[in-house]
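Visitor: sequence and predicted structure are below.
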Amino acid sequence: MRKFKAESQKLLDMMIHSIYTNKDVFLRELISNASDALDKRYILDLEEKPSDFDRSSYKIELIPNEEDRTLTVRDYGIGMTEEEMDKNLGTIAHSGTQEFKQSESKEDVASIIGQFGVGFYASFMVAEKVEVVSKSLKDGSSHRWVSEGADGYKIEEADREEVGTDVILHLRKDKEDEDYSRYLSEYTLRSLVEKYSNYIRYSIEMEVSRQKRVPLREDATEEEKKAWEDNPEYEETRETLTLNSKTPIWKQPKKDLKDEDYINFYQQEGLGFGKPLRWIHLVADGTLSYRAILYIPSQVPWDFYTREFKKGLSLYSAGVKIMDHADSLLPDYLSFVQGVVSSEDFKLNLSRETLQEDRQMMAMARRIEKRVLDELKKMMEEDEEAYKTFFALFGTTLKAGIYQSYGAKKDDLAPLLLFDTSLGQGRSLDQIIGEEGEEDEAEEKEKAKILYATGESLEGIRQLPTVQALMEKEEEVVFLTDTIDEFTIKAMVDYKGHAFQSVLSDDFALEGEEKEDLSPEAEELFSAMKELLDGEVVDVKASQGLTHDAAILTAQGDISIEMEKTLAGQPGDMPKVQAQKVLQVNPDHPVVKKLLAFRDQGKEDDFQAYTQLLYDQARIIAGLGVADPVTFTRRIQELM
């Protein structure tokens, strides 16, 4: 028994229990090793016998044996000598592939997969014993390597007719929480190949069962023909099936691809349903070479707005799927983008399950981000209806991108936002501020503010007294109904020099509205109302802009009433944030005149009741509700 050469027991235990998070990847690692062995043979054969070289004859075979509980991964690659077995398999974390790369200088070497020399040991996650039978191309010798784990291994002579390697896994016994037998199932093996190794450049073949209809005899009678049609018989046959696609779409020239090719790939890879709104085919060559196909979906994933949703692109290296969700390649506000990225230059961690962050990866992420944003701008300009469909699905994530970056991303994202306004639906901020014309007009527009109002629904906003007054003047008001809208606006501060102004803010005044001097009685009335509503409002004052309504609530400071409602709905025990409310009163309204009369007549109880009623009505208009619905209802009933 030979001993492993790298602190075997501790290191091998780490391989099995720590480095890999998913047992299924053992097959990916063994297939990748087999592909490397075929690559090495390809490179050497190409040098020695180019005239009869046939790369298509190289393949990888999967051979499950339920009776013996073994799974064999067979390749017809370069094979190993006894010395190479001892060196490559007997030393954990020694990569024969890495050594081969360093000894060769051809372009084909760059695409060989192996880096660390640990993938083979993933076999021990599912196997209690591993055998490797290999015949070397170098000297024609055949040897068997056998190990049952960290105790060591042995190497002995063996018989194998063809050059190549068999890795034979003797699967562990099933446990209550581990079904190792599934790795003998045709369905499981096909699924794992499709998931992780679908684009390995060599055929991955397996003999599978097929139900085939028993053919009709040529001399069958009419009666037998009818019976054959009515009651067909089937027999089980075995046939060899190629499990992988081999040539990925991203490696094909763009000019050879049709729309249906991109759509079929989108659906087959499970990236989304139906037809995507847009797709992007990226090819980058240089310091970091990569290819990517990115999709903008036409439907929202069912879990998109849940914590369970995983953003990110599928990551491939040398045809092997490394990650399902490489989230570092997409910012959160582009989490709706689906697709794949492939590169031979990825720096991976030891298990090849996560990326190592470096400047090249960040540069790739920035380019992907820019390319997606460019495509969105292009869609906005070329296909307005398609873009409106997109924004209805995913516009909230763009708004979140501005808010979460504290406005740093507004130059990139603000031009992509759409809003419903008093003048139309789905209008961009550029449309709202208008096209800048002559210099003096542009200068005038620079001073104009973008007016907005918040509320729970478009109809509710339209009914707000201030909004109605503005609509009568044909002023454009942006309607903000998403909970994140006002937070986004606050983070932006302005758009191209146009400040945002809430029409529900205490400091907003209608254009042309002149402040009239109040009588001493009215000033005393508002002071008394403020004292009565102490703790509820910070001020009570007159508003000349109100025409039909007696009062409205506005807010002072950065926290609006709508923001208060949003923050109040957040989970947790955080202190509730409240807006500084101002009760703005129409001094010409009959209700105000009645309040003045109550003061003159000394009817304090009626004054207090009407003041509270007026305040509650303003709260209802603002969407806040009333603190005491029973008392409010009784007061209404008394008036009736």
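Guide: Thanks, I have the structure now. Residues are numbered from 1 along each chain as shown.
Visitor: residue boundaries of the strands in the stretch 151-300 of the chain?
Guide: 153-157, 164-171, 203-213, 234-242, 278-284, 290-296 (DSSP state E, counting those that start in this stretch).
Visitor: can you check the stretch 451-600 of the chain too?
Guide: So, for the stretch 451-600 of the chain - with DSSP E, counting those that start in this stretch - the strands run 478-480, 494-495, 498-502, 539-542, 551-556, 580-585.
Visitor: let's have those in JSON lines, adding mean neighbour count and mean pLDDT.
Guide: In short, each C-beta sits where N, CA and C put it, glycine included. Formatted as JSON lines, those follow (neighbours: other C-beta atoms under 10 Å; pLDDT from 0 to 100):
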{"stretch": "strand 478-480", "mean neighbour count": "23", "mean pLDDT": "95"}
{"stretch": "strand 494-495", "mean neighbour count": "16", "mean pLDDT": "94"}
{"stretch": "strand 498-502", "mean neighbour count": "18", "mean pLDDT": "92"}
{"stretch": "strand 539-542", "mean neighbour count": "20", "mean pLDDT": "88"}
{"stretch": "strand 551-556", "mean neighbour count": "22", "mean pLDDT": "87"}
{"stretch": "strand 580-585", "mean neighbour count": "23", "mean pLDDT": "89"}
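Visitor: these: which one's closest to Asp374?
Guide: Of all these, strand 494-495 sits nearest to Asp374, with 20.0 Å by C-beta to C-beta.
Visitor: which residues outside the closest one are in contact with it?
Guide: For strand 494-495, the external contacting residues (C-beta atoms under 8 Å, 6 or more residues apart in numbering) are 410, 414, 429, 433, 450, 500.
Visitor: equivalent analysis for stretch 450-468, please.
Guide: With C-beta under 8 Å, 6+ apart, stretch 450-468 has contacts from 420, 422, 429, 432-433, 470-471, 475-481, 485-486, 489, 495, 498-504, 508, 510, 545-549, 552, 560-563, 621, 623.
Visitor: can I get stretch 217-236 as PDB, trimmed to CA atoms?
Guide: C-alpha atoms of stretch 217-236 as PDB (Å, rounded to 0.1, in the frame of the first residue of the first chain):
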ATOM      1  CA  ARG A 217     -44.100  -9.100 -40.500                       C
ATOM      2  CA  GLU A 218     -43.900  -8.700 -44.200                       C
ATOM      3  CA  ASP A 219     -46.200 -11.600 -44.900                       C
ATOM      4  CA  ALA A 220     -48.800 -10.600 -42.200                       C
ATOM      5  CA  THR A 221     -52.400 -11.200 -43.000                       C
ATOM      6  CA  GLU A 222     -55.100  -8.500 -43.000                       C
ATOM      7  CA  GLU A 223     -56.300  -9.700 -39.600                       C
ATOM      8  CA  GLU A 224     -52.800  -9.600 -38.200                       C
ATOM      9  CA  LYS A 225     -52.300  -6.100 -39.600                       C
ATOM     10  CA  LYS A 226     -55.400  -4.900 -37.900                       C
ATOM     11  CA  ALA A 227     -54.400  -6.500 -34.600                       C
ATOM     12  CA  TRP A 228     -50.900  -4.900 -35.000                       C
ATOM     13  CA  GLU A 229     -52.500  -1.500 -35.400                       C
ATOM     14  CA  ASP A 230     -55.000  -1.900 -32.600                       C
ATOM     15  CA  ASN A 231     -52.700  -3.500 -30.000                       C
ATOM     16  CA  PRO A 232     -49.100  -2.600 -30.800                       C
ATOM     17  CA  GLU A 233     -46.400  -4.600 -29.000                       C
ATOM     18  CA  TYR A 234     -43.100  -3.100 -27.800                       C
ATOM     19  CA  GLU A 235     -39.700  -4.600 -27.000                       C
ATOM     20  CA  GLU A 236     -36.900  -3.100 -25.000                       C
END
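Visitor: chain center to it, what's the gap?
Guide: Relative to its chain's centre, stretch 217-236 lies at 54 Å (C-alpha atoms, centre = their mean, to the nearest Å).
Visitor: tell me the buried residues in it?
Guide: Buried residues in stretch 217-236, counted by 16 or more other C-beta atoms under 10 Å: Trp228.
Visitor: any stretches of the stretch 251-400 of the chain with poor pLDDT?
Guide: Across the stretch 251-400 of the chain, the ranges flagged by pLDDT under 70 are 346-358.
Visitor: ok now the helix or strand harbouring Ala363, how far from the chain's centre?
Guide: Assessed by DSSP states H and E, Ala363 sits inside helix 359-382. Between the centre of helix 359-382 and the centre of its chain there are 15 Å (C-alpha atoms, centre = their mean).
Visitor: quick one: end-to-end distance for stretch 497-507.
Guide: 19 Å (C-alpha to C-alpha, to the nearest Å).
Visitor: the helix holding Ala363 packs against which elements?
Guide: strand 278-284, strand 290-296, helix 384-404 (3 or more C-beta pairs under 8 Å, 6 or more residues apart in numbering; DSSP states H and E).
Visitor: can you tell which of those is closest to Ser123?
Guide: Of all these, strand 290-296 sits nearest to Ser123, with 30.2 Å by C-beta to C-beta.
Visitor: parallel or antiparallel, which strands does the closest one pair with?
Guide: If you go by DSSP bridges, strand 290-296 pairs up with strand 278-284 (antiparallel), strand 338-342 (antiparallel).
Visitor: winner for burial among the ones you listed?
Guide: The highest average neighbour count among these, using mean count of other C-beta atoms under 10 Å, belongs to strand 338-342 at a mean of 24.
Visitor: residues contacting that strand, please?
Guide: So strand 338-342 is contacted by 248, 250-251, 266, 269, 271-272, 276, 279-280, 290-295, 297, 313-317, 319, 326, 329, 364, 368 (C-beta under 8 Å, 6+ apart).
Visitor: out of those residues, which end up buried?
Guide: Buried by 16+ other C-beta under 10 Å: 248, 250, 266, 269, 271-272, 276, 279-280, 290-295, 297, 313-317, 319, 326, 329, 364, 368, out of the contacts of strand 338-342.
Visitor: lowest-confidence helix or strand of the protein?
Guide: One helix or strand of the chain scores below all others by mean pLDDT, DSSP states H and E: helix 96-103, with a mean of 48.
Visitor: so where is the stretch 1-150 of the chain shaky, pLDDT-wise?
Guide: For the stretch 1-150 of the chain, the stretches flagged by pLDDT under 70 are 4-21, 49-56, 91-118.
Visitor: quick one: contacts for Ser142?
Guide: 133-136, 157-160.
Visitor: about what we covered before: how about the helices and strands packed on helix 359-382 in a markdown table, adding distance to Tyr42?
Guide: Below are these laid out as a markdown table (distance: least, C-beta to C-beta, whole Å):
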| stretch | distance to Tyr42 |
| --- | --- |
| strand 278-284 | 24 |
| strand 290-296 | 22 |
| helix 384-404 | 44 |
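Visitor: Asp345 is nearest to which of those?
Guide: With C-beta to C-beta as the criterion, Asp345 lies closest to strand 290-296 of those, at 7.0 Å.
Visitor: now that closest one and helix 359-382, what's the angle there?
Guide: Here strand 290-296 points in a direction 40 degrees away from that of helix 359-382 (axes from the mean of the first three to the mean of the last three C-alpha atoms, to 10 degrees).
Visitor: name the next helix or strand following strand 290-296 along the chain.
Guide: strand 313-317.
Visitor: pLDDT weak spots in the stretch 451-600 of the chain?
Guide: Scanning the stretch 451-600 of the chain with the threshold set as pLDDT under 70 gives 510-516, 544, 569, 571-575.
Visitor: can you do 50?
Guide: Counting by pLDDT under 50, the stretch 451-600 of the chain contains no low-confidence range.
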